[in-house]
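A.B. asks: mind folding the following:
(chains A and B)
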Amino acid sequence: MEFYPEIIAFEGTPFALNRIMLIRLLVVSVLLILFYLWTRSFQKASRNQTFVPTKFQLMGEISLNFVRTGIAHGQLGKVDGDRFLPLLTTIFFTVLGMNITGIIPGINMPATALIGLPIVLAAASYVTFIYAGMKKHGMGFFKNSLFPSGVPPYLYIMVTPIEFLSTFILRPVTLALRLTMNMVAGHLLLVLCFSATQFFVFYSDGFFALFGLGTFVFGFAFTLFEILVSFLQAYVFTLLTTVYIQLALADEH
Amino acid sequence: MDITNVAELSGNIAVVGYGLAAIGPGIGVGLVVSKTIESIARQPELASKLQVTMWLGIAFTEALALIGLATPFIFA
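C.D. replies: Okay, the predicted model is just below:
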């Protein structure tokens, strides 16, 4: 099947590699090389006191500043934003890189379309927002989130289970599910469009081959749409992590 | 009395389930976006702030449809 390709190396061990794992490893190595080159160009610029950035350096500055000022500083403020910036940057670029493989010709499989990777990222976000709350309020964090103030005490029978469910169970589950299901749905749409194109063009006669043109145009449009979705999911995942941290840090009111 | 089948359907009921699950979030996302457009038309200088909130609202609403999409995989 598409989502569970055959294992190609280390079969039977926990490190079994299939096509999707190889894609993930490839993305990780590309990201590592890219960030290494970016930091080296930043260092070179600050050492030589050159104030006109090169194109490559500018690309890095814009991408990193998007997460820093656009997401972290906007939601958390400067101090807390910079505290959690490494995690947010990692999440953003990992999700983006793993999503974008879905539309790269020759790879054509988003590495986030299997739920393993989104679960890891969601767990990182879950641990971080609980850590942020515990560090700021101690055990008061659980009291604040489970027993919100301003609610009449007899309503806690209803409010507390709902708050528990939505804060500590549904948050990580929806983070992981949202990412996975968006990528699965997008991938299935692309598969549908392009396999229909192949069927119409090669296996049908005369008039019906024209339908192939229509499905190909749709497939192309959905490919463009998938680029948008990849960016959007990376953005939303990072933004939600930021908001969860912000809610955990918020003072009781 | 014999029962006669007038029409017969084959396939998976989960597809209908996903169709039902998509109604609510569809309306919800529409409301979120329409209200955001309205507010931006009133106060264009707040556009960037409102857009961030809009994406958040969409993300929360959309989760329901995606849970609907995931249930056939879980309960299959």
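A.B. asks: surely residue A:126 meets residue A:169?
C.D. replies: No - using CB atoms under 8 Å, residue A:126 makes no contact with residue A:169, being 10.0 Å away. (Each C-beta comes from the backbone N, C-alpha and C, glycine too.)
A.B. asks: low-confidence ranges in the stretch 151-253 of chain A?
C.D. replies: A:252-253 (pLDDT under 70).
A.B. asks: near chain B, which residues of the stretch 51-200 of chain A?
C.D. replies: Counting by CB under 8 Å from any CB of the partner chain, the stretch 51-200 of chain A comes close to chain B at A:74, A:75, A:174, A:177, A:178, A:180, A:181, A:182, A:184, A:185.
A.B. asks: how about the helix or strand of chain B with the lowest mean pLDDT and chain A, any contact?
C.D. replies: None of the helices or strands of chain B scores lower by mean pLDDT, DSSP states H and E than helix B:47-75, at a mean of 85. Yes - residues of helix B:47-75 contacting chain A under CB under 8 Å from any CB: B:52, B:55, B:56, B:58, B:59, B:62, B:63, B:66, B:67, B:69, B:70.
A.B. asks: by neighbours, which of the residues you listed wins?
C.D. replies: For these, counting by other CB atoms under 10 Å in any protein chain shown, the largest number of neighbours falls to residue B:59: 23 neighbours.
A.B. asks: now that residue. Nearest residue, chain neighbours left out?
C.D. replies: residue A:236 (4.6 Å; CB to CB, 6 or more residues apart in numbering or on different chains).
A.B. asks: how many residues are close by that neighbour?
C.D. replies: Residues lying near residue A:236 (other CB under 10 Å) number 22.
A.B. asks: can you pull up the most central residue in chain A?
C.D. replies: In chain A, the residue lying closest to the centroid (CA atoms, centre = their mean) is residue A:95, at 3.2 Å.
A.B. asks: how about stretch A:238-247, which residues are buried there?
C.D. replies: Within stretch A:238-247, the residues that count as buried by 16 or more other CB atoms under 10 Å in any protein chain shown are A:238, A:239, A:240, A:241, A:242, A:243, A:244, A:245, A:246.
A.B. asks: residue A:134: which element?
C.D. replies: helix A:116-137 (DSSP states H and E).
A.B. asks: quick one: the helices in chain A, in order.
C.D. replies: A:19-48, A:55-65, A:74-76, A:78-83, A:85-100, A:116-137, A:140-146, A:156-164, A:171-203, A:209-249 (DSSP state H).
A.B. asks: now these in CSV, with distance to residue B:28?
C.D. replies: Shown next, in CSV, are these (distance: least, CB to CB, whole Å):
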stretch, distance to residue B:28
helix A:19-48, 32
helix A:55-65, 32
helix A:74-76, 23
helix A:78-83, 30
helix A:85-100, 24
helix A:116-137, 22
helix A:140-146, 24
helix A:156-164, 19
helix A:171-203, 14
helix A:209-249, 15
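A.B. asks: closest one to residue B:44 among the ones you listed?
C.D. replies: Closest to residue B:44 of the helices of chain A is helix A:74-76 (CB to CB; 18.3 Å).
A.B. asks: pull the residues that contact the closest one.
C.D. replies: Residues outside helix A:74-76 that contact it (CB atoms under 8 Å, 6 or more residues apart in numbering or on different chains) are A:81, A:83, A:84, A:239, A:242, A:243, A:245, A:246, A:249, B:52.
A.B. asks: the residues of the stretch 51-200 of chain A next to chain B, buried ones only, as a PyMOL selection?
C.D. replies: Buried residues within those, by 16+ other CB under 10 Å, are selected in PyMOL with:
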select buried, chain A and resi 75+174+177+178+180+181+182+184
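A.B. asks: which pair of the residues of the stretch 51-200 of chain A next to chain B spans the longest distance?
C.D. replies: The most widely separated members of these are A:74 and A:184, with 30.1 Å between them, by CB to CB.
A.B. asks: run a quick neighbour tally on residue A:138.
C.D. replies: Other residues close to residue A:138 by other CB under 10 Å number 10.
A.B. asks: in what helix or strand does the most centrally placed residue in chain B lie?
C.D. replies: With distances taken as CA atoms, centre = their mean, the residue of chain B nearest its centroid is residue B:25 (2.7 Å). Assigned by DSSP H and E, residue B:25 belongs to helix B:13-42.
A.B. asks: now do that helix: which elements does it pack against?
C.D. replies: helix B:47-75 (3 or more CB pairs under 8 Å, 6 or more residues apart in numbering or on different chains; DSSP states H and E).
A.B. asks: quick one: the helix it packs on to chain centroid distance?
C.D. replies: 8 Å (CA atoms, centre = their mean, to the nearest Å).
A.B. asks: just to revisit the earlier point, from the buried residues of stretch A:238-247, list the ones also adjacent to chain B.
C.D. replies: A:239, A:240, A:243.
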